[in-house]
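Engineer: next one to model:
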Amino acid sequence: MDWDIVIGIETHVQLKTNTKQFSGASTKYGSEPNSQACLVSMAYPGVLPVLNKESVNSAIRFGLAIDAEISPRSIFARKNYFYPDLPKGYQISQFELPIVGRGKLSIDIDGQPKDVRILRAHLEEDAGKSSHGVIEGKSGIDLNRAGTPLLEIVTEPDLSSAEEAVIYAKKLHNLVQWIGICDGNMQEGSFRCDVNVSVKRKGASELGTRREIKNLNSFRFIKQAVDYEVNWQIERLEDGGRIEQATILFNPESGETKSMRSKEEANDYRYFPDPDLLPLIITDKDIEKIKKIMPELPEEMKTRFEKDLGLSGYDAKGITSSRDVTKYFLELIDLGANAKLAANWVLGNLFSQLNNKDIDILDSPISPSQLSSLINRIEDGTISNNAAKKIFEILWGNTGKKVDQIIDDLGLKQISDSNEIDGIVDEVLKNNLTMVEEFKSGKEKAFNALIGQVMKASKGKANPAQVSSTLKEKLSK
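Structural biologist: Prediction:
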């Protein structure tokens, strides 16, 4: 390409608190419209905001997780704009002095690490929601969401493709769930990305004009929207046109972006310090207190799994891809499952079925207890890998049967008795003298053919490792 792509992302993370940012109203999702719109949410005259301490703690947790600067003093500002779902006529946010300063989040691009610089993360409140068409010819306003605590996380323009943007968004999505500050539910709007996209001639020092794609709530939409916008901007510039700074929306049905309004600058919002809120002071003692309750981070756990459990880098990365996956895996280990086998089954058979059915690991019909029993029966030689796959399919059907019961019902127990295997091997060698001679003359394929004959004679129940060992021993004489 003759063009460089430049991308920065602003992510609105809904914090997992029981009450709103500046009031005691509930943040529970899915309630009747306006049932959680308190006097503060509705901007009644004379009401005053009171800061939610838990949202502050959540911001500090995030700052620690990305090794960022945490401001000892930050202030709240009024961001002024007029929209029907913003009763006050302004949003309480942070501008000049955010709670979290510069940090970084490392992502993996084709096996190579890349640091994405985090410029800032600031606390703010969400707006309400406009609903169109509920009543013919009219729009409805639901203020349940108004005042919900948000942490807006802003990157530097360090991403250079739609693929990198998705990798970053997934990494951030995992992190905020991992440290317990967000439920990550993108369908409910708990994790929304505004993606700033621009292009410039390859090697040019001056950045192009950016357009901001608003409110992308799925990784697939991020990929589609950025790809479309990049192509649109390049085509326009190559045709002699110019890019105007704008806020745009992505239409998932058409796969296109469309301009919503010209892009505002900071001075358009007339930011000024909120006179109803004191400066937020965070002490070293506050930070140390939260450090003590921080969970082990994904990168730290990945390294530990490689070192202590012998997992490959690939497997350790997959197991730490989400907190729920890690929890499932650790339950398998606690129940006695071999770590490497457990990782293989989780990342292989289990992930394959989960992806095929488009369900989360929390909704897996196979519990850690069932899968650990299956893995233990492979490990102790009771069943073969092929038999285990059959049992896995039955367990997925949610029959309620136990692994040992299925093994007995289907007669899947592996033959591991050395005397019985000796007898079967002797019989096969006796009846396949040609194959024996071919092997002794140097044809390695004959050995595999003999293994196949033994497995056939045992109806697939002989332990393959023992069969191979026994054959080698007898053929060497």
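
Engineer: can you list the domain ranges for this protein.
Structural biologist: In the domain annotation for the chain, the residue ranges read 3-286, 296-410, 418-475 (automatic domain parsing).

Engineer: of those, which shows the lowest average pLDDT?
Structural biologist: Of all those, mean pLDDT reaches its minimum on domain 418-475 (a mean of 81).

Engineer: straight-line length of that one, end to end?
Structural biologist: The straight-line separation of the ends of domain 418-475 (C-alpha to C-alpha, to the nearest Å) is 16 Å.

Engineer: check which helix or strand covers residue 139.
Structural biologist: In this structure, residue 139 is located in strand 138-142 according to DSSP states H and E.

Engineer: okay, the domains of the chain in CSV with mean neighbour count next?
Structural biologist: The way it works is simple: take the backbone N, C-alpha and C, and place the C-beta from them, glycine included. Shown next, in CSV, are the domains of the chain (neighbours: other C-beta atoms under 10 Å):
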stretch, mean neighbour count
domain 3-286, 17
domain 296-410, 17
domain 418-475, 15
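
Engineer: hmm, residue 193 and residue 222 touching each other?
Structural biologist: Yes - using C-beta atoms under 8 Å, residue 222 is in contact with residue 193, at 6.1 Å.

Engineer: need the overlap of contacts for the two.
Structural biologist: Common neighbours of residue 222 and residue 193, using C-beta atoms under 8 Å, 6 or more residues apart in numbering, are 169, 216.

Engineer: longest single strand anywhere in this structure?
Structural biologist: The residue-count maximum for a strand in the chain (DSSP state E) belongs to strand 112-125.

Engineer: can you map out the helices along the stretch 251-400 of the chain?
Structural biologist: Under the criterion DSSP state H, counting those that start in this stretch, the stretch 251-400 of the chain contains helices at 284-291, 298-309, 313-319, 323-334, 339-345, 351-357, 368-379, 385-396.

Engineer: picking up where we left off before, could I get the longest strand of the chain in PDB with only the CA atoms?
Structural biologist: Extracted as PDB, the C-alpha positions of strand 112-125 are listed here (Å, rounded to 0.1, in the frame of the first residue of the first chain):
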ATOM      1  CA  GLN A 112       5.900  -9.900  18.300                       C
ATOM      2  CA  PRO A 113       5.100  -7.700  21.300                       C
ATOM      3  CA  LYS A 114       3.900  -4.200  20.600                       C
ATOM      4  CA  ASP A 115       3.200  -1.500  23.200                       C
ATOM      5  CA  VAL A 116       0.100   0.600  22.800                       C
ATOM      6  CA  ARG A 117       0.600   3.800  24.700                       C
ATOM      7  CA  ILE A 118      -2.400   4.800  26.900                       C
ATOM      8  CA  LEU A 119      -2.600   8.600  27.000                       C
ATOM      9  CA  ARG A 120      -5.100   8.800  29.900                       C
ATOM     10  CA  ALA A 121      -8.100   7.200  31.600                       C
ATOM     11  CA  HIS A 122     -10.600   9.400  33.200                       C
ATOM     12  CA  LEU A 123     -13.900   9.000  35.200                       C
ATOM     13  CA  GLU A 124     -17.200  10.400  33.900                       C
ATOM     14  CA  GLU A 125     -20.900   9.700  33.900                       C
END
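
Engineer: other SSEs contacting that strand?
Structural biologist: helix 53-65, strand 90-93, strand 103-109, strand 149-155 (3 or more C-beta pairs under 8 Å, 6 or more residues apart in numbering; DSSP states H and E).

Engineer: if you set the cut-off to 10 Å instead, what comes out?
Structural biologist: Using 3 or more C-beta pairs under 10 Å, 6 or more residues apart in numbering; DSSP states H and E, the elements in contact with strand 112-125 are strand 3-14, helix 53-65, strand 77-80, strand 90-93, strand 103-109, strand 149-155, helix 162-178.

Engineer: distance to residue 139 added to those, as a markdown table?
Structural biologist: Below are the helices and strands packed on strand 112-125 laid out as a markdown table (distance: least, C-beta to C-beta, whole Å):
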| stretch | distance to residue 139 |
| --- | --- |
| strand 3-14 | 22 |
| helix 53-65 | 30 |
| strand 77-80 | 22 |
| strand 90-93 | 19 |
| strand 103-109 | 38 |
| strand 149-155 | 23 |
| helix 162-178 | 30 |
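
Engineer: who wins for proximity to residue 429 among those?
Structural biologist: In terms of C-beta to C-beta, the element of those nearest to residue 429 is strand 103-109, at 51.2 Å.

Engineer: re earlier: between the helices of the stretch 251-400 of the chain, which one is closest to residue 404.
Structural biologist: Here helix 368-379 is closest among the helices of the stretch 251-400 of the chain (C-beta to C-beta), at 7.2 Å.

Engineer: how far does stretch 45-52 stretch from start to finish?
Structural biologist: Start-to-end span of stretch 45-52 (C-alpha to C-alpha) is 21 Å.

Engineer: now stretch 202-209
Structural biologist: One end of stretch 202-209 sits 15 Å from the other (C-alpha to C-alpha).

Engineer: hmm, who's touching that stretch?
Structural biologist: Under the contact criterion C-beta atoms under 10 Å, 6 or more residues apart in numbering, stretch 202-209 has outside partners 1-6, 157, 197-201, 233-234, 237, 242-246, 263.

Engineer: if we use 6 Å, what do you get?
Structural biologist: Stretch 202-209 has contacts (C-beta atoms under 6 Å, 6 or more residues apart in numbering) with 2, 4, 6, 198-200, 243, 245.

Engineer: next: stretch 124-135.
Structural biologist: Residues from elsewhere that reach stretch 124-135 (C-beta under 6 Å, 6+ apart): 21, 84-86, 92-93, 139-143, 145-148, 150, 152.

Engineer: before we move on, what about stretch 75-84?
Structural biologist: Here stretch 75-84 makes contact (C-beta under 6 Å, 6+ apart) with 89-95, 97, 130, 141, 269-274, 277, 279.

Engineer: out of everything not next to it in sequence, what's closest to residue 457?
Structural biologist: What sits nearest to residue 457 in space, not counting adjacent residues and going by C-beta to C-beta, 6 or more residues apart in numbering, is residue 424, at 5.3 Å.

Engineer: state the distance from the one you found to residue 78.
Structural biologist: In this view, residue 424 and residue 78 are 83 Å apart by C-beta to C-beta, to the nearest Å.

Engineer: and residue 192, what are its bridge partners?
Structural biologist: Bridge pairing for residue 192 (DSSP bridges) gives the partners residue 12.

Engineer: contacts only, for it.
Structural biologist: By C-beta under 6 Å, 6+ apart, the residues touching residue 192 are 12, 215, 217.

Engineer: 7 Å - rerun?
Structural biologist: 12, 215-217 (C-beta atoms under 7 Å, 6 or more residues apart in numbering).

Engineer: repeat for residue 147
Structural biologist: By C-beta under 7 Å, 6+ apart, the neighbours of residue 147 are 20-23, 25, 40-41, 125-126.

Engineer: which one is it nearest to, not counting chain neighbours?
Structural biologist: Spatial nearest neighbour of residue 147, excluding adjacent residues (C-beta to C-beta, 6+ apart): residue 20 at 3.8 Å.

Engineer: so the one you found makes contact with residue 36?
Structural biologist: No - taking contacts as C-beta atoms under 7 Å, residue 20 lies outside contact range of residue 36: 8.1 Å.

Engineer: tell me the secondary structure at residue 16.
Structural biologist: Of the three states, residue 16 takes coil under DSSP: H, G, I helix; E, B strand; the rest coil.

Engineer: all set, thanks.
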